[in-house]
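Visitor: my questions concern the predicted model and sequence given below.
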Amino acid sequence: MGFRRKIVAGNWKMNNSLSDALALVDGIVANLDKHSTTKVIICPPFPFISPIKQHLKDLVKINLGAQNCSEHIAGAYTGEVSAQMLASVNCNYVIIGHSERRTYFNETNEQLTQKLKRALENNLSPIFCIGEKIEQRKNETHFTIVKDQLKNVLTHFSEKELKNLILAYEPVWAIGTGVNATTAQAQEMHAFIRKTISELFTTDFANGLSILYGGSCNAQNAKELFACADVDGGLIGGASLKAADFCTIVSSF
């Protein structure tokens, strides 16, 4: 087994005012286990990234990510935010292909490939999301769906280009529903994802790749989920908006 970084990333989605966001950051800083070796990433809405970075000053314990980026380099795309813009405000990570983006904004594999390309060109570490919907789980096509999501995007890149890639498995039926995958379901899919990556690239690459679980992961179930052999952390939604809960999750390894 390769060395895999333990990672907990908070996806704040479209929540908080700036003052709320700064208060949340202060709460996370105050509650964070100073001895934890887990990489901590917070992904606030776009307008808060730069103010939070300035607020944190030189605190390297908390890394900043964005929730999305444009597939375009620059141009007349009103309302869009480019990977270059994110890099210019010291953002280091970006979520790509979150199920809410795929569902509400109809993001395609072609778009996600371009977004990944833009992120990598600007030295942003992508958190690439994959996962099946409830009907796909019920009709037992979930493995095929996830394999296709990986294959149709990641095979456009070399292993070297993807050296800073993080994957996040999100069963869409568990996002914001309060229903999370069982530990057995999470481990089964994470192991399948790692096996798929080893087939698409190499076993060494797959064994070194951090795969996060996303989908109603909270302070109560994180320890059990993170104990799974192939679960390397979490992409946290609702629970990332409560400093104490988020920090409990960070300390759940």
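Guide: Okay, I see it.
Visitor: need the next SSE after the helix or strand bottoming out on mean pLDDT in the chain, C-terminal direction.
Guide: Among the secondary structure pieces of the chain, namely its helices and strands, helix 134-138 has the lowest mean (mean pLDDT, DSSP states H and E), a mean of 91. Moving toward the C-terminus from helix 134-138, the first helix or strand encountered (DSSP states H and E) is helix 142-154.
Visitor: where do the strands sit along this structure?
Guide: Counting by DSSP state E, the chain has strands at residues 7-11, 39-43, 62-66, 93-96, 125-130, 166-169, 211-213, 233-236.
Visitor: what's the burial count for S70?
Guide: Look at S70: counted by other Cβ atoms under 10 Å, it has 20 neighbours. Yep, even glycine has a C-beta here, placed from its N, CA and C like the rest.
Visitor: residues contacting it?
Guide: Taking Cβ atoms under 8 Å, 6 or more residues apart in numbering as the contact definition, S70 lies against Y77, E80, V81, S82, A83, K115, R118.
Visitor: one more pass at 10 Å, please.
Guide: Neighbouring residues of S70 by Cβ atoms under 10 Å, 6 or more residues apart in numbering: 77, 79-86, 111, 114-115, 118.
Visitor: which one of those has the most neighbours?
Guide: Neighbour counts for the contacts of S70 were taken using other Cβ under 10 Å; the highest belongs to A83, which has 27 neighbours.
Visitor: if I pick that residue, what's in contact with it?
Guide: With Cβ under 10 Å, 6+ apart, A83 has these contacts: 66, 69-73, 91, 94, 96, 115-124, 126.
Visitor: most packed of the strands of the chain?
Guide: Stretch with highest mean neighbour count among the strands of the chain: strand 233-236 (a mean of 29; mean count of other Cβ atoms under 10 Å).
Visitor: tell me what that one is packed against?
Guide: Strand 233-236 sits against strand 7-11, strand 39-43, strand 166-169, strand 211-213, helix 222-226, helix 243-250, with contacts defined as 3 or more Cβ pairs under 10 Å, 6 or more residues apart in numbering; DSSP states H and E.
Visitor: quick one: mean pLDDT over that strand.
Guide: Within the predicted structure, the mean pLDDT of strand 233-236 is 98.
Visitor: for V250, which non-adjacent residue is closest in space?
Guide: The shortest distance from V250 to any non-neighbouring residue, by Cβ to Cβ, 6 or more residues apart in numbering, is to V8 (4.7 Å).
Visitor: re the thing from before, Serialize the helices and strands packed on strand 233-236 to a markdown table and add fields for mean pLDDT.
Guide: Written out in a markdown table, the entries for the helices and strands packed on strand 233-236 read as follows (pLDDT from 0 to 100):
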| stretch | mean pLDDT |
| --- | --- |
| strand 7-11 | 98 |
| strand 39-43 | 97 |
| strand 166-169 | 98 |
| strand 211-213 | 97 |
| helix 222-226 | 96 |
| helix 243-250 | 97 |
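Visitor: right, and those - which one's nearest R101?
Guide: In this view, those are compared for proximity to R101 by Cβ to Cβ, and strand 7-11 is the closest at 11.1 Å.
Visitor: list the helices and strands the closest one packs on?
Guide: The criterion is 3+ Cβ pairs under 10 Å, 6+ apart, and the helices and strands that strand 7-11 contacts are strand 39-43, strand 62-66, strand 93-96, strand 125-130, strand 166-169, strand 211-213, strand 233-236, helix 243-250.
Visitor: want to try TSV for the ones you listed, with distance to F105 as columns?
Guide: Formatted as TSV, the entries for the helices and strands packed on strand 7-11 read as follows, by distance: least, Cβ to Cβ, whole Å:
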stretch	distance to F105
strand 39-43	17
strand 62-66	15
strand 93-96	12
strand 125-130	13
strand 166-169	18
strand 211-213	22
strand 233-236	18
helix 243-250	26
